[in-house]
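# Okay, structure incoming, though there's no sequence with it:
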C-alpha cells in the first residue's frame, strides 16, 4: 500500500523528500482511520484521537526536517 508519488518541488533536498514521504503517509493513515470510523470499527472520539496523534508526529517531522527553511 506504499504507492507514494514522487516529489516535484523546486527546491529539492533529502529533508524535503523525507517530509514529503511523511506527509503522504499521514494522508494515507487519515484515510484508513476515516474508513475504520465509517465502518464502525472506531468511534468518532477514537478516530479523532488517532488523527490528532499522527498530526502531532507530522508537525514534529516538519519542525525537525524543515527547520532550516
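Yep, that arrived. Computed from a predicted model, the values in this text were never measured in an experiment.
# Can you report how many residues neighbour residue 37?
The tally of other residues near residue 37 (other CB atoms under 10 Å) stands at 18. For glycine as for every other residue, the C-beta is placed from the backbone atoms N, C-alpha and C.
# In the protein, which residue is most central in space?
Geometric centre of the chain, nearest residue: residue 26, 1.6 Å, by CA atoms, centre = their mean.
# who touches that one in this structure?
54, 55, 57, 58 (CB atoms under 8 Å, 6 or more residues apart in numbering).
# Could you pull out the buried residues of the helix or strand in which the second one is found?
Element membership of residue 55, judged by DSSP states H and E, is helix 44-65. Of all the residues in helix 44-65, those buried under the rule 16 or more other CB atoms under 10 Å are 47, 50, 51, 58, 61, 65.
# same check, this time on stretch 12-22
15, 16, 19, 20, 21, 22.
# Residue 10 in helix, strand or coil?
coil (DSSP: H, G, I helix; E, B strand; the rest coil).
# Phi first, then psi, for the residue located most distally from the centre of the chain.
Relative to the mean C-alpha coordinate of the chain, counting by CA atoms, centre = their mean, the farthest residue is residue 40 (22.5 Å). The phi and psi values for residue 40, taken as degrees, to the nearest 10, are phi 80, psi 10.
# can you pull the pLDDT of it?
Per-residue confidence at residue 40 stands at 97 (pLDDT).
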